[in-house]
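Colleague: need a structure here:
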Amino acid sequence: MIETIKAFINTALLIDLVGFGFTLLYLIYIIRQNALGWYFSIVGSLIFAYSCYSGQLYIQSILYIFYVLIAVYGIVQWNKVSQVPKIRSMRFQFHVTFLSVSVILGTTLGFIFAQYTNQELPYLDGIISIGAIGTTLLVVSKNRENWLYWMAINAASMYLYYSQSLWILVAMSFILFCVAIKGYLHWSKV
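Modeller: Here you go, the predicted model:
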């Protein structure tokens, strides 16, 4: 029995490491504004959808499925060269609206999952997930501030994953936090 548990842990760790590798490749290409990054996002997202589901983080699992869908949308948009906008910034009012809607919808989602599932930290997970959905759309439309939102989302995700002992995801969130800093600095120069 102990050997079976160890084998499962080692397999889960390997799967998470592979997902992490695909996620890093996604970000490297996205920072460079290369549509190839979206393909890496699809694979990494499918892997982490499974990991989060296994860790009873159902909202995160749904979020990773959303990432697969938005990656397909990103591929389509970024391959339409004439329609891909240049990097742009958002107005202050947009930030207020974005944050307000994210908190309201995230709290609502958290409430639903708190009532009907055994979801761990449903309110935090709900706010992170709704914020991440909106932020991913900001990446597709090349809004510079998406990287600032990713910094906040990854900081909160570190705690969420830590609470479930999903150590690879904790490490990944920390590295993604650092990559978001690089992304913001790079997109600020363009």
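Colleague: okay, CA-based contacts and neighbour counts for the rest of this
Modeller: Will do.
Colleague: In this protein, where is pLDDT below threshold?
Modeller: Where the chain drops to pLDDT under 70, the residues are 1-10, 81-85.
Colleague: Identify the residue nearest the residue most central in space within it in space, chain neighbours excluded?
Modeller: Centroid-nearest residue in the chain: A132, 5.6 Å away (criterion: C-alpha atoms, centre = their mean). If the residues on either side of it in the chain are set aside, A132 comes closest to I153, at 6.9 Å by C-alpha to C-alpha, 6 or more residues apart in numbering.
Colleague: The one you found and T11: what is the separation?
Modeller: Remark: distance between I153 and T11 (C-alpha to C-alpha, to the nearest Å) = 27 Å.
Colleague: what does F40 give?
Modeller: Separation of F40 from T11 (C-alpha to C-alpha) stands at 21 Å.
Colleague: swap in L105?
Modeller: Remark: distance between L105 and T11 (C-alpha to C-alpha) = 35 Å.
Colleague: Between those two, which has more neighbouring residues?
Modeller: For L105 versus T11, the count of surrounding residues by other C-alpha atoms under 10 Å is larger for L105: 17 against 12.
Colleague: quick one, what contacts the more buried one?
Modeller: By C-alpha atoms under 8 Å, 6 or more residues apart in numbering, the contact list for L105 reads G126, I127, I130.
Colleague: Could you do V68 as well?
Modeller: When contacts are counted by C-alpha under 8 Å, 6+ apart, V68 is found next to S41, I42, V43, S45, L46.
Colleague: Kindly report the same for H186.
Modeller: Contacts of H186 by C-alpha under 8 Å, 6+ apart are I31.
Colleague: so how far is stretch 163-175 off the chain centroid?
Modeller: Shown here is stretch 163-175, whose average C-alpha point lies 12 Å from the average C-alpha point of the whole chain (C-alpha atoms, centre = their mean, to the nearest Å).
Colleague: before we move on, which element is the residue nearest to A132 in?
Modeller: I153 is part of helix 146-163 when elements are defined by DSSP states H and E.
Colleague: And that helix, what's buried?
Modeller: Judged by neighbour count (16 or more other C-alpha atoms under 10 Å), helix 146-163 contains these buried residues: 146-147, 149-151, 153-158, 160-161.
Colleague: Which secondary structure elements does that helix sit against?
Modeller: helix 122-140, helix 167-189 (3 or more C-alpha pairs under 8 Å, 6 or more residues apart in numbering; DSSP states H and E).
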